[in-house]
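**Q** sequence plus the predicted model coming up.
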Amino acid sequence: MTHRHPRPEPDKMARLSAQPGQARDEAIEEMIRVDHAGEYGAVRIYQGQLAVLRNLPHKKELVEKLEHMAKDEELHLARFNEIVNERGVRPTAFAPVWHVAGFALGAATALMGEKAAHACTAAVEEVIDEHYKAQVDRLDGLGSAERPLRDTIEEFRLEEVRHRDEAIEAGAKEAPAYPLLSGAIKAACRLAIRISEKA
C-alpha cells in the first residue's frame with residue numbers, strides 16, 4: 001500500500017518556492033545595511049580625530065592626510081545612502097549609537113597622540129578589508145545580477161586598504177600598547193558589524 005504525502009496548499013507552495021530568493025534578498029539587504037552603517041561610523045571616527053587635531057597647528061600635515069581619508073569615507077557614505085534609498089533597505093537602528101561611538105573613538109585616539117590615531121585607522125580599515133573581501137566573494141557567487149554592488153564594494157575595499165597601508169607607514173604600529181589598542185578596536189568593529197547586519 002502506497003502512502004501519499006498531502007500536497008501543500010497553493011499559498012504554502014508559493015512561500016516555499018520563494019524562500020531561496022527571499023534568503024538571498026535578505027542577505028543582500030544585510031550587506032547594504034551594515035556597509036552603510038560602517039561608512040557612517042568611519043566618517044564619525046575621522047570627524048572625532050579632526051575635531052581634536054585641527055586645534056594643533058603643528059599637526060597640519062596629519063590633518064591634511066586625515067581630511068583626505070575622511071573625504072573618501074564621505075564619498076563611500078554618499079554612495080551607500082543612494083543604494084539604501086534605491087533598494088529600500090532599512091538603515092540600522094543603531095545609527096545614533098554609532099554616531100556617538102564613532103566620534104568618541106576618533107577623539108579618544110587623537111588625544112592619545114598621532115601614532116594612536118594612525119593605529120585606529122589601521123585597525124578599523126583592516127576589519128573593513130576582511131569584511132568587504134568576504135562580501136565580494138559572496139557576491140561573486142551570485143553571478144552578474146549583483147555585479148554593480150560587487151564592483152562598488154571592491155572599489156571601496158581597495159581605498160580602505162590604501163588608508164590602512166598609509167596609516168601603518170605613518171607609524172601606527174609604534175603607538176603605545178599597539179597590540180592591545182589595535183585588538184580592542186578590531187573587536188569593537190566586528191561587534192558593530194554583527195549588530196548592524198541584523199538590527
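**A** That came in fine, so what should we check first?

**Q** so where's the chain shaky on pLDDT?
**A** When residues are selected by pLDDT under 70, those of the chain lie in 1-23.

**Q** change it to 50
**A** Low-confidence segments of the chain, defined by pLDDT under 50, are located at 1-3, 5-19.

**Q** ok, which stretches of it are helices?
**A** Assigned by DSSP state H, the chain shows helices spanning 10-53, 60-87, 95-112, 114-140, 147-169, 178-198.

**Q** now those helices as TSV including mean neighbour count?
**A** Bear in mind the C-beta positions are built from the backbone N, C-alpha and C, glycine included. Supplementary listing: the helices of the chain in TSV, determined by neighbours: other C-beta atoms under 10 Å:
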stretch	mean neighbour count
helix 10-53	18
helix 60-87	16
helix 95-112	18
helix 114-140	21
helix 147-169	17
helix 178-198	16
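
**Q** which residues touch the most centrally placed residue in the chain?
**A** If you average the C-alpha coordinates of the chain and look for the closest C-alpha using C-alpha atoms, centre = their mean, you land on residue 38, 3.0 Å from that point. With contact taken as C-beta atoms under 8 Å, 6 or more residues apart in numbering, residue 38 is in contact with 128, 131, 192, 193, 196.

**Q** pretty sure the last one is touching residue 31, no?
**A** No. Applying C-beta atoms under 8 Å, one finds residue 196 not in contact with residue 31, separated by 10.6 Å.

**Q** ok, residue 109 touching residue 123?
**A** No. Counting by C-beta under 8 Å, residue 109 does not reach residue 123; the two are 9.3 Å apart.
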